[in-house]
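>>> please find the sequence and the predicted model below.
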Amino acid sequence: MAQIYMINIGGAGTSALALLLHGRGNVVSGVDTGDGFYTRALEKKGICVHTAFDAAHVTDAIDLVVYSTSVAADNVELRAAQDAGVRTITYPEAIGELTQQMRTIAVCGTHGKTTTAGMTAYALTGAGMDPSAIVGAQIVEWGGGARVGASTILVLEADEYQNKLALYNPFGVILTSADYDHPDFFSSPESYHEVFADFIARVPQQGFVVANGDDPAVRDIVTSAQCRVVLYGAGEDNDCVITSRTPKSDWGQEVHIRHDGVEMVLVTRLDGAHNAANAVAAWLASSAMSGNVRDSAKGITAFTGTARRAEMRGVLHGAVLIDDYAHHPKEIAATIAAVREKYPHRKLTVAFHPHTFTRTQALLPDFAAALSTADRVIVLDIYGSAREEAGTVHAMDLVDAINITARDRARHIPTVVALATWMRDAFTENDVCITMGAGDIWQVYEMLGF
């Protein structure tokens with residue numbers, strides 16, 4: 001048992017790692033000055049979370065300090081640990097050490113990582129494999145973003161930002177997509193794709209890669225693999241073909257597939273073509289690891305979703321309210337399509353919180369095109385996060401870009417507080433609203449009493 005202290009413990013990844021380390025018998029504590037979205041799950045588990053930085057938190061009893069890559073080099077707690085000779089490692093370095101100890105299925109790609117990682121953990125559980133998992137969202141049944149299992153298998157949501165992938169040692173990889181993202185770090189689509197190719201090249205020969213064969217960039221990337229590659233998608237040239245989908249009237253959908261000459265049906269509680277593909281990827285990875293095809297499928301059916309991924313938050317004046325983490329144009333389009341499929345006769349409003357100035361500027365035409373498929377769009381001020389304090393692009397630039405092709409469809413509401421005020425009187429039973437983005441737009445539901 002070790003005493004582990006985590007600086008910026010309240011991130012999606014760091015909080016999940018904290019829960020896993022705690023569940024494995026370590027004494028975990030930490031600090032976070034953020035919005036508290038993830039730290040609540042930590043506190044429920046008895047993990048002490050400080051809300052201000054103080055060198056005194058790093059006591060003589062601490063064996064290891066793990067810190068987020070967003071922590072500044074002159075942070076008082078980090079410097080106190082280093083001055084005291086305490087071992088300090090970054091979050092991705094800590095994950096890298098875990099992947100050396102465990103057989104890891106790493107779920108990577110631009111979109112769908114969280115949902116696919118959660119589904120994969122459920123599929124493996126259904127197959128009797130009892131995995132551990134680190135997922136970048138809260139799963140109700142787990143009480144957070146981590147599952148503590150008894151086996152040596154780890155399901156990891158593997159983030160490509162800052163090329164964290166270079167530190168991980170996968171046994172198996174799921175690659176969901178490869179649409180250019182994180183322009184503040186990756187200078188070009190080629191540099192973005194390269195990190196995935198290098199990652200996949202390190203999968204051992206006895207391992208496997210499950211990849212979205214409908215994505216041309218993904219097909220190109222997986223040529224670096226030295227192991228078995230299984231391609232999935234709707235195209236007939238995939239190894240596992242999604243032949244059709246049947247939405248269920250009450251929840252979810254049936255996904256009809258053909259694999260190895262056998263036709264079967266997967267049932268998922270999640271809606272949309274993108275979640276059908278996620279379910280197939282998770283099922284393939286679990287089947288490859290466990291050899292148990294049928295029970296892996298049962299695990300897929302048991303998965304009910306994660307927080308902030310098309311999460312039903314309530315009903316306001318008869319309007320259905322849905323919260324989603326989508327922050328890339330492809331994700332926005334997929335979520336809107338899924339909600340349209342579920343509620344075809346309702347007026348669809350999207351309240352979008354752009355995430356980072358560089359992403360908004362680099363992908364502005366794509367954001368405008370994706371959001372224009374809604375009936376009404378609200379754009380909040382850009383959420384810079386810890387990465388950026390300012391930029392040359394403004395929320396009104398996105399509003400104007402939407403209104404060029406969809407006249408008067410978009411408007412600017414600057415803050416979450418102002419959005420809550422607007423939402424109180426904006427809807428009837430004929431509406432459905434998606435709050436969307438990787439910022440703190442989720443707080444609107446607390447302001448509305450949900």
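Looks like it came in fine.
>>> so where's the stretch 301-450 of the chain shaky on pLDDT?
Applying pLDDT under 70 to the stretch 301-450 of the chain flags the ranges 386-387.
>>> can you give me the neighbour number for the nearest residue to Leu165 once chain neighbours are set aside?
With sequence-adjacent residues excluded and distances taken as Cβ to Cβ, 6 or more residues apart in numbering, Leu165 is closest to Phe199, at 4.2 Å. Placement of C-beta: from N, CA and C, glycine included. Applying other Cβ atoms under 10 Å, we find 25 residues neighbouring Phe199.
>>> next: the one 4 residues further on.
For Val203, the tally of surrounding residues (other Cβ under 10 Å) stands at 23.
>>> so who does it touch?
Shown in contact with Val203 (Cβ atoms under 8 Å, 6 or more residues apart in numbering): 170-173, 209, 225-227.
>>> arrange those in TSV, one row each, with distance to Pro247, secondary structure and neighbour count as further columns.
Below are those laid out as TSV (distance: Cβ to Cβ, whole Å; DSSP: H, G, I helix; E, B strand; the rest coil; neighbours: other Cβ atoms under 10 Å):
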residue	distance to Pro247	secondary structure	neighbour count
Pro170	34	coil	26
Phe171	35	coil	20
Gly172	30	strand	26
Val173	30	strand	30
Val209	30	strand	25
Ala225	34	coil	20
Gln226	39	coil	13
Cys227	35	coil	19
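>>> picking up where we left off before, confirm that the residue nearest to Leu165 sits in a helix.
Yes - assessed with DSSP: H, G, I helix; E, B strand; the rest coil, Phe199 lies in a helix.
>>> residues touching it, list them.
Phe199 touches 106, 108, 158, 165-166, 168, 170, 173, counting by Cβ under 8 Å, 6+ apart.
>>> export the contacts of Val203 to a markdown table and tack on pLDDT and distance to Gly291?
Compiled in a markdown table, the contacts of Val203 are given as follows (pLDDT from 0 to 100; distance: Cβ to Cβ, whole Å):
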| residue | pLDDT | distance to Gly291 |
| --- | --- | --- |
| Pro170 | 98 | 19 |
| Phe171 | 98 | 14 |
| Gly172 | 98 | 13 |
| Val173 | 98 | 18 |
| Val209 | 98 | 17 |
| Ala225 | 97 | 20 |
| Gln226 | 96 | 21 |
| Cys227 | 98 | 16 |
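>>> quick one: Tyr38 and Ala12 touch, right?
Yes - Tyr38 sits in contact with Ala12 when judged by Cβ atoms under 8 Å, with a separation of 6.2 Å.
>>> what is in contact with the two at once?
Counting by Cβ under 8 Å, 6+ apart, the common neighbours of Tyr38 and Ala12 are Gly145.
>>> okay, these two: which has more neighbours?
The neighbour comparison of Tyr38 against Ala12 (other Cβ under 10 Å) goes to Tyr38, with 26 against 21.
>>> per-residue confidence for the closest residue to the more buried one other than its chain neighbours?
Spatial nearest neighbour of Tyr38, chain neighbours left out: Ser15 (3.8 Å); criterion: Cβ to Cβ, 6+ apart. On pLDDT, Ser15 comes in at 96.
>>> just say helix, strand or coil for Ser15.
Here Ser15 is recorded as helix under three-state DSSP.
>>> what's near enough to touch it?
9, 38-39, 41-42, 144-145.
>>> tell me which of these is nearest to Trp283?
Nearest to Trp283 out of the contacts of Ser15 is Gly145 (Cβ to Cβ; 21.5 Å).
>>> what number of residues lie near that closest one?
30.
>>> and it, how close does it get to Glu190?
32 Å (Cβ to Cβ, to the nearest Å).
>>> how close does Gly235 get to Arg219?
Going from Gly235 to Arg219 by Cβ to Cβ gives 10 Å.
>>> which residues do these two both contact?
Gly213.
>>> mind listing the strands for the stretch 351-450 of the chain?
With strands called from DSSP state E, counting those that start in this stretch, the stretch 351-450 of the chain shows them at 376-379, 410-412, 431-436.
>>> got CSV for those strands, with distance to Thr33 and mean neighbour count too?
As requested, those are exported to CSV (distance: least, Cβ to Cβ, whole Å; neighbours: other Cβ atoms under 10 Å):
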stretch, distance to Thr33, mean neighbour count
strand 376-379, 27, 24
strand 410-412, 28, 18
strand 431-436, 24, 24
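>>> quick one, which of the ones you listed gets closest to Gly291.
Closest approach to Gly291 among the strands of the stretch 351-450 of the chain is made by strand 431-436 (38.9 Å; Cβ to Cβ).
>>> convert the C-alpha atoms of that closest one to PDB, please.
Provided in PDB are the C-alpha atoms of strand 431-436 (Å, rounded to 0.1, in the frame of the first residue of the first chain):
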ATOM      1  CA  ASP A 431     -39.000  20.600 -28.200                       C
ATOM      2  CA  VAL A 432     -35.900  18.600 -27.600                       C
ATOM      3  CA  CYS A 433     -32.700  20.400 -26.400                       C
ATOM      4  CA  ILE A 434     -29.100  19.200 -26.400                       C
ATOM      5  CA  THR A 435     -26.600  21.100 -24.300                       C
ATOM      6  CA  MET A 436     -23.300  20.300 -25.900                       C
END
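>>> ok, and what's touching that strand?
Against strand 431-436 from outside (Cβ under 8 Å, 6+ apart): 313, 316, 318-327, 332, 335-336, 339, 343, 346-353, 374, 419, 423, 426-427, 441-442, 444-445.
>>> kindly state the beta-bridge partners for Cys240.
With DSSP bridges as the criterion, Cys240 is bridged to Tyr232, His259.
>>> can you tell me how far the residue nearest to Tyr38 is from Asn75?
Ser15 sits 18 Å away from Asn75, going by Cβ to Cβ.
>>> so what's the gap between stretch 165-183 and the chain middle?
Centroid separation between stretch 165-183 and its chain, computed with Cα atoms, centre = their mean, to the nearest Å, is 12 Å.
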